[in-house]
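A.B. asks: Make a model of this:
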Amino acid sequence: MNRLFSSLVLFVLLMVAVPVRAQEKPFIVEYYYQTRWGYADEFLALFRKNHLPVLQKQIETGRIQSVRIDKPRYHATEDGRWDFRVTIVFKSVAAAHDSAAEPAIIKQLYPDQEKFKREEQRRFELLIAHWDVPLVPVE
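C.D. replies: Down below sits the predicted model:
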């Protein structure tokens, strides 16, 4: 009877642990930015100044595992053109959707909130388009 109870407890623990481990898989999102012609450098400077430090702080807290910024080597057609792709690897799906700590990080990093808001508004004024692509692995 004791062995049956132990097996049952082990089975229940495994059933609970498997979904938890499945949720802890990294979750990858690619963020694409298409800037107005001639404004890519200004957009990138504002991104590096105001948004990248927030992302880096979240790497320190463990919410994000990595951040990578890429740009295409050559030009594409206007329909398919993007200027920057930011790939963020989140700790998990749950971590990607939990941005509750972000406002506190922003206030800590940028005490002059009015300036921060103006610069972030400017960064988005420089865009023609912005889209997010969550990725799923293909087995």
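
A.B. asks: wait, what's in contact with the spatially closest residue to Pro72 that is not a sequence neighbour?
C.D. replies: Of all residues not flanking Pro72 in the chain, Trp82 sits nearest, at 7.1 Å (C-beta to C-beta, 6 or more residues apart in numbering). C-beta here means a position set from N, CA and C on the backbone, and glycine is covered the same way. Going by C-beta atoms under 8 Å, 6 or more residues apart in numbering, Trp82 touches Tyr32, Tyr33, Gln34, Pro72, Ala76, Ala129.

A.B. asks: Narrow these to just the buried residues.
C.D. replies: Neighbour counting by 16 or more other C-beta atoms under 10 Å classes Tyr33, Gln34 among the contacts of Trp82 as buried.

A.B. asks: Looking at the contacts of Trp82, which are in strands?
C.D. replies: Using DSSP state E, the members of those that fall within strands are Tyr32, Tyr33, Gln34, Ala129.

A.B. asks: So the most centrally placed residue in the chain, which state does it fall into?
C.D. replies: Ranked by distance to the mean C-alpha position of the chain (C-alpha atoms, centre = their mean), the top residue is Ile88 at 4.0 Å. Counting by DSSP: H, G, I helix; E, B strand; the rest coil, the backbone at Ile88 sits in strand.

A.B. asks: Let me see the contact set for the residue nearest to Val86 when sequence neighbours are not counted.
C.D. replies: Nearest residue to Val86, sequence neighbours excluded (C-beta to C-beta, 6+ apart): Tyr31, at 4.4 Å. For Tyr31, the contacting residues are Arg85, Val86, Thr87, Ile88, His130, Trp131, Asp132, Val133, by C-beta under 8 Å, 6+ apart.

A.B. asks: Counting neighbours, which of the residues you listed comes out on top?
C.D. replies: Each of those was scored by neighbour count (other C-beta atoms under 10 Å); the top score is that of Ile88, with 20 neighbours.

A.B. asks: For Lys115, state which of the contacts of Trp82 is nearest.
C.D. replies: Of all those, Lys115 sits closest to Tyr33, with 21.6 Å by C-beta to C-beta.
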